[in-house]
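Student: Predicted model, plus sequence, below.
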Amino acid sequence: MKFRALSALVAITASLLFTACSPKSNKIVVGLDDSFPPMGFRDEQHNIVGFDIDMAREAFKRMGRSAEFKPIDWNSKEAELASKRIDVLWNGLTITEQRKAKIAFTAPYMENHQIIIVPAKSPIRNKAGLAGKVVGVQEGSTAVDAIERDAATRKTFREMKTFADNVTALMDLGVGRLDAVVLDEVVGRYYISKKPGEYVVLTEDFGTEEYGVGLRKEDTALLSELQKALNDMKKDGASAKISTKWFGADVVK
């Protein structure tokens, strides 16, 4: 009797351990920068909201999963993913060849530009006008990469100053500590829409890019499942509805 009881206990314990370690967990932990409006940010009640938040919730609901949103240091996003502290990166993550070498991506779901924002009264009207100026960017963002690719323009800057997030950079622009900020179009246009007449977006930019959801390369089943959910959302209009809520139009790729 004792042997049978011990065997049963071992079997139950093994089953519980297998369940806890199973990659088919019901919860998906989403890593994000919670100061990246309108993709993912804190509202006045300190809740995490945004376009990517709504997209993730809808996609995971269709997969029979739940989403947990975890703010991370965006500059260490690949390390957070590799360490399994998070399961996906979903927050305006630009698809680049350098990142594709480390992580897997869904198909692109949005197109974005690296725009230049200056105060409305600034004499700067193009990239040439950035010569001798202090330009702000978010550390670890693709704005840094986009500027560095345009070496001819970059070498004319007096300084390229990095910030932990775009909101802080834009605040410094507002008080005159910066001459311009280069950042994702979705963030920049959302921010300046809240301050009409104070800023302008230059017609020139630092290039076009695409957003995707980032996953670990070994999570092939999860990637396939998520891509199907995103495809279905586009087909049945769910992603268009979410897009219209945040952007006033369907901007989903």
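Tutor: All right, it came through fine.
Student: Tell me where the model's unsure across this structure.
Tutor: Counting by pLDDT under 70, the chain has low-confidence residues at 1-25.
Student: Pop the domain breakdown of the chain in here.
Tutor: The chain breaks down by automatic domain parsing into domains covering 24-109+212-247, 112-210.
Student: And the shortest one, end to end?
Tutor: Between the opening and closing residues of domain 112-210 we find a distance of 6 Å, counting by CA to CA, to the nearest Å.
Student: would you turn the domains of the chain into TSV with mean neighbour count and distance to Lys253?
Tutor: All C-beta spots, glycine's among them, are computed from the backbone N, C-alpha and C. Converted to TSV, the domains of the chain look like this (neighbours: other CB atoms under 10 Å; distance: least, CB to CB, whole Å):
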stretch	mean neighbour count	distance to Lys253
domain 24-109+212-247	18	5
domain 112-210	17	7
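Student: now Trp74: how far from Ile86?
Tutor: Distance of Trp74 to Ile86, given as CB to CB, to the nearest Å: 12 Å.
Student: I misspoke; the intended subject was Asn166.
Tutor: Per CB to CB, Asn166 is found 21 Å from Ile86.
Student: mind listing the helices in the protein by residue range?
Tutor: For the chain, the helices defined by DSSP state H cover 2-21, 51-62, 77-82, 97-100, 142-149, 151-154, 166-174, 185-193, 220-236, 238-247.
Student: out of those, nearest to Ala120?
Tutor: With CB to CB as the criterion, Ala120 lies closest to helix 185-193 of these, at 9.4 Å.
Student: Off-centre distance for the closest one?
Tutor: Distance, stretch centre to chain centre, for helix 185-193: 14 Å (CA atoms, centre = their mean, to the nearest Å).
Student: Let me see the residues that make contact with it.
Tutor: Applying CB atoms under 8 Å, 6 or more residues apart in numbering, the contact partners of helix 185-193 are 36-39, 51, 92, 110, 112-115, 117, 166-167, 170, 181, 198-199, 201, 205, 247.
Student: now swap in stretch 141-160 and tell me
Tutor: For stretch 141-160, the surrounding residues in contact (CB under 8 Å, 6+ apart) are 74, 94, 96, 98, 114, 127-128, 130-138, 162, 166, 182-184, 206-207, 209.
Student: That concludes my questions; thank you for your assistance.
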